[in-house]
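S.K.: sharing a model that was predicted from the sequence below.
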Amino acid sequence: MNVGCVPSKFLIRALEVYHRAGAHGFRGVSTARGALHWAALIAQKEALVADLRREKYEEVLAAYPQITRVQGRGRLAEGGAVVVNGTTYAPGRVILATGARPWAPPIPGLAEAGYLTSTEALSLRELPRSMIVVGANAVGLELAQVFARAGVAVTVLEALPRIVPFEEPEISEALQRALEEEGMVFHTGVKIIRAARSDGRYEVSFEKDGETRIVSAEQLLMATGRRPNTQDLGLEAAGVAVGPRGEIRVNPYMQTSNPSIYAAGDCADLPMFVYVAAASGTVAAENALLGNHRTLDLTAVPRVTFTDPEVASVGWTEAQARERGETPKAVLLPLEAVPRARIAFETRGVIKLVADANTDRLLGVHLVMPQAGEAIAAGVIALQAGYTVQDLGRTLFPYLTWSEGLRLGAQSFTRDVARLSCCAG
């Protein structure tokens with residue numbers, strides 16, 4: 001709400017509108033990009049965030065008079081007590097939901113040079129002429145494309161061999177091609193040696209293929225992940241176990257190693273998605289109040305990267321299926337095969353489906369296409385329901401929708417969809 005999903009998706013959508021004003025495939029339709037008033041856009045973003053924060057959080061609490069809100073810094077004490085502003089509370093149950101913060105690796109010179117986190121990048125009042133983005137997962141790529149579309153020269157550095165490194169290789173390749181077409185520059189498989197700042201510019205030195213290179217820019221954005229906010233909470237004194245990144249260990253009931261203390265959201269050892277955080281909060285609250293009776297189902301967790309085109313996936317990749325002892329089969333459908341893509345002149349992307357070669361059961365859905373985040377919902381339901389490829393191929397999807405691509409992908413396991421008429425079953 002404050003520094004993540006809402007402000008970033010606002011800017012992503014705004015710059016998508018701006019970009020498409022000068023780039024579409026329709027003959028006879030003339031549009032052009034006008035002036036971009038960045039400061040006005042940031043002001044509108046902050047006003048929207050303030051409105052939503054008031055409506056969805058502050059005023060929601062006011063509707064529940066039985067809830068007492070205490071503002072301050074809380075810390076656990078021995079015996080399950082909580083100390084806030086010098087006052088000690090002795091609740092029967094405690095729920096920790098302290099979230100996470102941006103994290104940067106210990107690169108020599110980085111602390112001295114300074115850098116932008118995603119939070120600060122979303123509030124820049126002036127656009128730089130150039131920017132280095134370190135990290136090519138969801139946050140890094142989303143913000144990199146926003147700034148690139150605003151006219152900033154963007155270079156992206158990634159330590160792993162490819163962008164969106166936890167997606168299927170074909171997904172990474174398709175997205176990188178699309179982003180490179182917009183002028184973004186990528187260096188993957190790099191080892192960053194040093195960061196420095198002089199004369200108002202940042203320099204980042206890195207090794208790639210045994211060669212040392214240097215990139216320079218006016219701004220440096222570190223998008224290298226997040227770490228749980230669990231320092232100085234008194235976890236050790238309260239008997240709450242944490243993992244190597246400071247994440248609070250929880251069982252399926254969201255209960256910590258101290259049975260009276262629960263944890264939810266990004267401070268716990270859970271996938272860092274807002275919908276997982278919300279669901280885990282509900283589970284933690286019900287179990288803390290009513291006893292452990294509900295668990296968090298993470299069998300089909302979707303993930304979305306809100307670039308343009310979007311990336312969305314759920315379930316296993318081919319490699320993950322093999323690691324788990326499955327014998328996978330897969331199809332890769334180019335977006336040109338989806339009628340909606342053809343009529344929208346949006347054919348940058350692919351659809352990849354993974355299934356069990358023995359049982360035909362669907363194991364994973366992986367998309368690069370416009371509105372992939374909307375279409376992946378069908379994949380989530382299909383995986384949760386235990387669909388086979390045949391089940392998905394026979395499911396009725398509306399014609400000329402992006403989600404119809406899932407049906408065509410399923411049909412591609414057994415036939416050439418290029419030889420089928422529209423909507424053929």
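M.R.: Structure received.

S.K.: average pLDDT across stretch 78-90?
M.R.: Computed over stretch 78-90, the mean pLDDT rounds to 91.

S.K.: name the helix or strand of the protein that has the lowest mean pLDDT.
M.R.: Least confident helix or strand, the chain: helix 59-62 with a mean of 88, by mean pLDDT, DSSP states H and E.

S.K.: residues contacting that one, please?
M.R.: I67, R69 (C-beta atoms under 8 Å, 6 or more residues apart in numbering). (Each C-beta comes from the backbone N, C-alpha and C, glycine too.)

S.K.: by contact count, what packs against the helix or strand just after that helix?
M.R.: Moving toward the C-terminus from helix 59-62, the next helix or strand (DSSP states H and E) is strand 74-76. If you count contacts as 3 or more C-beta pairs under 8 Å, 6 or more residues apart in numbering; DSSP states H and E, strand 74-76 packs onto strand 82-84.

S.K.: strand partners (parallel or antiparallel) of the strand it packs on?
M.R.: Strand 82-84 pairs in its sheet with strand 74-76 (antiparallel), strand 87-89 (antiparallel), by DSSP bridges.

S.K.: which among those strands is found nearest to G325?
M.R.: strand 74-76 (41.1 Å; C-beta to C-beta).

S.K.: in the closest one, what's buried?
M.R.: G74, L76 (16 or more other C-beta atoms under 10 Å).

S.K.: if we can go back for a sec, can you say which of the strands paired with strand 82-84 is nearest to A277?
M.R.: Here strand 74-76 is closest among the strands paired with strand 82-84 (C-beta to C-beta), at 18.4 Å.

S.K.: now do that closest one: distance to the chain's middle.
M.R.: Between the centre of strand 74-76 and the centre of its chain there are 30 Å (C-alpha atoms, centre = their mean, to the nearest Å).

S.K.: then stretch 285-302?
M.R.: That offset, for stretch 285-302, works out to 22 Å (C-alpha atoms, centre = their mean).

S.K.: rounded mean pLDDT for that stretch, please.
M.R.: pLDDT averaged over stretch 285-302 gives 96.

S.K.: so what touches that stretch?
M.R.: In contact with stretch 285-302 (C-beta under 8 Å, 6+ apart) are residues 93-95, 252-255, 262, 264, 270-271, 273, 276, 279-280, 283, 312-315, 373, 376-377, 379-380, 383-384.

S.K.: tell me which residues in stretch 176-196 are buried?
M.R.: Under 16+ other C-beta under 10 Å, the buried positions of stretch 176-196 are Q176, A178, L179, M184, F186, H187, T188, V190, I192, A195, A196.

S.K.: and for stretch 65-78?
M.R.: By neighbour count on 16+ other C-beta under 10 Å, the buried set for stretch 65-78 is G74, L76.

S.K.: tell me how far the ends of it are from each other?
M.R.: Taking C-alpha to C-alpha, to the nearest Å, stretch 65-78 runs 29 Å from one end to the other.

S.K.: inside strands: which ones of the buried residues of stretch 176-196?
M.R.: F186, H187, T188, I192, A195, A196 (DSSP state E).

S.K.: same list (those) but as JSON lines, adding pLDDT and distance to K9.
M.R.: Below are those laid out as JSON lines (pLDDT from 0 to 100; distance: C-beta to C-beta, whole Å):
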{"residue": "F186", "pLDDT": "98", "distance to K9": "23"}
{"residue": "H187", "pLDDT": "98", "distance to K9": "27"}
{"residue": "T188", "pLDDT": "98", "distance to K9": "26"}
{"residue": "I192", "pLDDT": "97", "distance to K9": "29"}
{"residue": "A195", "pLDDT": "98", "distance to K9": "29"}
{"residue": "A196", "pLDDT": "98", "distance to K9": "33"}
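
S.K.: going by distance to V354, which of those residues wins?
M.R.: Nearest to V354 among these: T188, at 23.3 Å, using C-beta to C-beta.

S.K.: could you list the buried residues of the least confident helix or strand of the chain?
M.R.: Within helix 59-62, no residue is scored as buried using 16+ other C-beta under 10 Å.

S.K.: how far off centre is the helix or strand hosting G409?
M.R.: Using DSSP H and E, G409 sits within helix 404-411. Offset of helix 404-411 from its chain centre (C-alpha atoms, centre = their mean): 24 Å.

S.K.: send me that helix as PDB with only the CA atoms.
M.R.: In PDB, the C-alpha atoms belonging to helix 404-411 read as follows (Å, rounded to 0.1, in the frame of the first residue of the first chain):
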ATOM      1  CA  GLU A 404      -7.800 -18.600 -24.200                       C
ATOM      2  CA  GLY A 405      -4.100 -19.100 -24.700                       C
ATOM      3  CA  LEU A 406      -4.100 -21.700 -21.900                       C
ATOM      4  CA  ARG A 407      -6.600 -23.800 -23.700                       C
ATOM      5  CA  LEU A 408      -4.600 -23.600 -26.900                       C
ATOM      6  CA  GLY A 409      -1.500 -24.500 -25.100                       C
ATOM      7  CA  ALA A 410      -3.100 -27.600 -23.600                       C
ATOM      8  CA  GLN A 411      -4.300 -28.600 -27.100                       C
END
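
S.K.: which neighbouring elements make contact with that helix?
M.R.: strand 328-334, helix 339-344, strand 350-356, strand 362-369, helix 372-384, helix 389-394.

S.K.: the third one versus strand 328-334: what angle between them?
M.R.: Interaxial angle of strand 350-356 relative to strand 328-334 (axes from the mean of the first three to the mean of the last three C-alpha atoms, to 10 degrees): 160 degrees.

S.K.: residues of strand 350-356 that come out buried?
M.R.: V350, I351, K352, L353, V354, A355, D356.

S.K.: ditto for stretch 96-110
M.R.: Across stretch 96-110, burial judged by 16+ other C-beta under 10 Å covers L96, A97, T98, G99, A100, P102, A104, I107, L110.

S.K.: touching that stretch from outside, list them.
M.R.: Defining contact as C-beta under 8 Å, 6+ apart, one finds that stretch 96-110 is touched by 115, 117-119, 134, 192-196, 222-230, 233, 240, 248, 256, 261-268, 272, 277, 281, 284.

S.K.: quick one: contacts for P334?
M.R.: T347, G349, V350.

S.K.: T224 now?
M.R.: Contacts of T224 (C-beta under 8 Å, 6+ apart): W103, A104, P105, V134, G135, G140.

S.K.: thanks a lot, catch you later.
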